[in-house]
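Trainee: here's my sequence, what's the structure:
(chains A and B)
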2 protein chains.
Amino acid sequence: MRIALAQLNTVVGDLPGNAALIETAVADAKSAGAALVLVPELAITGYPPEDLLLKEHLLAAARAELDGIASRTHGIVAIVGFPERDDDVYNSAAVLADGKVQAVYRKLRLPNYGVFDELRYFQSGTTPMIIVVDGVTVGLSICEDIWMPGAPATPEALAGARLIVNISASPFHAGKAAAREQMIAQRARDNLAAIAFCALVGGQDELVFDGSSVVVDHTGAAVARAPQFEPALLVCDVDTDAAGSARLRDTRPRLATRGERPLVEHGGSFVTGAPVPAAGTRAQEGTVAERPPAVQEVYEALVLGTRDYVQKNGFQHVVLGLSGGVDSTLVLLIAVDALGADRVSVAVMPSRHSTEGTQGDARRLAANLGVQCLDLPIHDPMAAYDELLAGVFTGRDPDLTEENLQARIRGNLLMALSNKFGWMVLTTGNKSEMSVGYSTLYGDSAGGFAVIKDVPKTLVYELTAWRRARDASDPVPDSIVSRPPSAELRPEQKDSDSLPPYELLDPILQGYVEHDLGPEALFARGHDAD
Amino acid sequence: MRIALAQLNTVVGDLPGNAALIETAVADAKSAGAALVLVPELAITGYPPEDLLLKEHLLAAARAELDGIASRTHGIVAIVGFPERDDDVYNSAAVLADGKVQAVYRKLRLPNYGVFDELRYFQSGTTPMIIVVDGVTVGLSICEDIWMPGAPATPEALAGARLIVNISASPFHAGKAAAREQMIAQRARDNLAAIAFCALVGGQDELVFDGSSVVVDHTGAAVARAPQFEPALLVCDVDTDAAGSARLRDTRPRLATRGERPLVEHGGSFVTGAPVPAAGTRAQEGTVAERPPAVQEVYEALVLGTRDYVQKNGFQHVVLGLSGGVDSTLVLLIAVDALGADRVSVAVMPSRHSTEGTQGDARRLAANLGVQCLDLPIHDPMAAYDELLAGVFTGRDPDLTEENLQARIRGNLLMALSNKFGWMVLTTGNKSEMSVGYSTLYGDSAGGFAVIKDVPKTLVYELTAWRRARDASDPVPDSIVSRPPSAELRPEQKDSDSLPPYELLDPILQGYVEHDLGPEALFARGHDAD
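Mentor: Below you'll find the model as predicted:
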């Protein structure tokens, strides 16, 4: 059977836009000869719709869009994710065929951890479901359904499904794509079924969905794999006879589940008239995409997250403060890759503590990348604040107050550019400094999107090095990465005056923030109590 | 039986401090002759502990504090809320008696809506539990357990419980206390059991817990009620024989649940040696607190929320910008009531658009309340920004940019005072203007605590009027409330230039924000489509 996986980039709340994407994908899949096309989880609303799901009018509008898509579905079966308003609300997959909604599968397993809140919004389904498409039995599942062994995939396979389809919205973290595909391969082997995993792609607020849709055969081998971080319509041929034959020889799934066969609903049989793929074809040429190396994967996630945050919020242009340090350098590189140099401006905003070296580096970098560079020295506003506050601050030495004021003047200037020209401000703080509070509220943290908020400082250097080596010409002056990190908010300031070296700090933060370790557990892992 | 309800004000994460509060309450309850003392849900960690519950070291420390409290529990039974780390994590109530943890009840119903996220952290318990204290059978329950009919209270009552205890952390909203007590009274009547509801009190981040602990008899009548918005040890005598006798006459609960009696665990029998209360006493004198009128209730919630946010975060003093408008006036009144005039400073920060009237009103109000008033006119910093940006902004008219810059200068000045003197900045935005975005990011929205963020503008006027009438002398100049609302960021500006009148806007916001209504539903309720 030829199937198509629509790896779509939806926008939360843009129901007509998402429906149009889906309709195009269904039409293209049909043109490509697919009998079955998959569309990601909750594709009609985008994911995660969060409190939009509390609005009856949103749920009604989603159903209207689904019916519209269904009416255009002839000669192909489409599985489309949508929020289903019935006695309660379900995270559902509609089976669209012959012009209407033929059946609805309801997600059994609702994740409620990490970034997921599905138990706040949905009732769980109770019954696995199979459908028959051109004589092939297909089992349905939605995202989390496949992440734990058992139902619905196992009862569906036992009920005859040779192909399990999973429509998904699975957020990226570093290394996620490989781990996910390993899990899918194991589910295929455990159930002796091919699995088609169709995933959302795109940045949505603080999440990045990496796509990486994949089809594996019943041995877990990848038959087809979509590219990461970009939309795609992945079309491939699945040999569903092979899974059936394998079960005659390997009876372990049958034996393992003897006596535990839950009810499986039959969602209907459909004939699409799609041509049977020629014998011996297993995938379209070139559809098993290579997976990028780890650092590149993170860089591309940051580019996609930035591009989509800016564009989905209706901005055309971004601005950031360029200090000549490595953090703002990396953010600028990402912004230029995301939007193009003509949609990025930088402001160089020296204070009396800024050195010639950093300012020069900032201007050279901007010139090398071809972005607009604005010069806004902050001496005069700073003097005005100092004078105004002199009376109130009589007898007090300069301290963090004056350091923060400099950062806040810069924040004000960037926001003034944002207000006047409609640009979005990108902030440049990294995860290490934000984790320990080494930043200024309403200062360097002011802006619309924090590009490297989840990137520790040591990874900032790795990403910058990878990006510098990527192209034939390197736009980054060496001194930007070789100079010791400094906020330049007082004379001769260095990050290391206030913080441990980042090589020591980052593993401690990873233990404390990512793994929730307490002091004793951190000491046991060799971190110095001091 | 004499019982005590410890309406405590805990601090999330301050385990030793919370344990000390609990130990004092247990000792005081014993001194008052109580056989049983109740302590709120998760009192050892404070509520809501959120991601602290992902830390093994926190869970271990909570258990150590519980064991410490247990070791001091003799001659009284204490029911104490704590997070229980076993095969999984449970939201539990420990039964402490004779120096140790005697039994543990696990919350059956985990709320996961609104402000609650308990399904992210806890496994549910499976079994209702009764204990026997001085011969009286007592059923245990935790917060949400009592908000739906049925288990655990109903099986506990059927298993002989004459008193159902509920330890709770129930956040306040306007009108909540009355609705909650009505619900408790109905549960008492439905189960023919007295109910002792022991609640947390205090502000915790964005929540306010109002206390309002109450004991009702089996007819739903309030036997004792703690004051709202302040800590208390509520001691009262409960006639548990009455509930037993009533069940001989009224057999509806027995008939209604015939054949549906789930397993009830018996947590043990304890003899405390507490004296039997004298016949005919039903409550200590004066322990049925009056409930305040609706506007006063909201005002007091705001005072408590502000005081606790400031103090629990380690601040001694607050500062706010005083404009002479009604919002900052109300915030100042609340701050002075929460902390005292000597712990509140205000800054009057006129721009060229500020009128003599509003500035004079602001200074007069500050003087009437006896708070420190700093004069920080923003003309010079504004001129410095205008001059610096003149080149970049050539050919552009003044617009929102310059309005926002004024608000951001004020934000910077308040944050500079915060940095220099360690004061917390209170922001003064109301819910109406924040809902429609009529405020400045990093400007008037900059600060540590947004006192009236959940108060619509029309309620701002009501609260101010109530507070003005409260005392013999009224500190508020009339012109503050009679002048039409204005942000004073451009000449002759009025809120009504940009927004509908608040009398029209507030009901629309309530429908859209609080009730998730769409446009059609709002029109159907009579709101004008324009």
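
Trainee: and residue A:331, helix, strand or coil?
Mentor: Here residue A:331 is helix, with the state taken from DSSP: H, G, I helix; E, B strand; the rest coil.

Trainee: show me which residues of the stretch 251-400 of chain A are close to chain B?
Mentor: In this structure, the stretch 251-400 of chain A approaches chain B at residues A:374, A:376-378, A:380-381, A:383-385, A:387-389, A:392-393, A:396, A:399-400, judged by CB under 8 Å from any CB of the partner chain. Where C-beta positions appear, they are placed from N, C-alpha and C, glycine not excepted.

Trainee: and residue A:431, how many neighbours does it have?
Mentor: Counted with other CB atoms under 10 Å in any protein chain shown, residues neighbouring residue A:431 total 20.

Trainee: for the closest residue in space to it that isn't next to it in sequence, grab phi and psi.
Mentor: What sits nearest to residue A:431 in space, not counting adjacent residues and going by CB to CB, 6 or more residues apart in numbering or on different chains, is residue A:456, at 4.9 Å. Backbone torsions for residue A:456, taken as degrees, to the nearest 10, come to phi -60, psi 160.

Trainee: quick one: contacts for residue A:456?
Mentor: Residue A:456 sits next to A:430, A:431, A:432, A:502, A:506, A:509, A:510 when contact means CB atoms under 8 Å, 6 or more residues apart in numbering or on different chains.

Trainee: just residue A:495 next, same as before
Mentor: By CB under 8 Å, 6+ apart, the contact set of residue A:495 is A:433, A:438, A:484, A:485, A:486, A:487, A:502.

Trainee: try 6 Å
Mentor: Residue A:495 is in contact with residue A:485, counting by CB atoms under 6 Å, 6 or more residues apart in numbering or on different chains.

Trainee: that older thread, hmm, which of the contacts of residue A:456 are the buried ones?
Mentor: A:430, A:431, A:432, A:502, A:506, A:509 (16 or more other CB atoms under 10 Å in any protein chain shown).

Trainee: nearest residue to the third one in space, please, no chain neighbours.
Mentor: In this case it means residue A:432. Per CB to CB, 6+ apart, closest to residue A:432 is residue A:457, 4.1 Å.

Trainee: low-confidence ranges, chain A, go.
Mentor: Applying pLDDT under 70 to chain A flags the ranges A:260, A:279-286.

Trainee: so the residue nearest the centre of it, which of the three states?
Mentor: A centroid search over chain A (CA atoms, centre = their mean) returns residue A:208, at 1.3 Å, as the residue closest to the centre. Reduced to three states with three-state DSSP, the structure at residue A:208 is strand.

Trainee: how close does it sit to residue A:303?
Mentor: Separation of residue A:208 from residue A:303 (CB to CB, to the nearest Å): 10 Å.

Trainee: where along the stretch 1-150 of chain A do the strands fall?
Mentor: Assigned by DSSP state E, counting those that start in this stretch, the strands in the stretch 1-150 of chain A fall at A:2-7, A:36-38, A:77-85, A:89-97, A:100-106, A:129-133, A:136-142.

Trainee: looking at the ones you listed, which is nearest to residue A:61?
Mentor: strand A:77-85 (10.3 Å; CB to CB).

Trainee: and the angle from that closest one to strand A:136-142?
Mentor: Strand A:77-85 runs at 30 degrees relative to strand A:136-142, counting by axes from the mean of the first three to the mean of the last three CA atoms, to 10 degrees.
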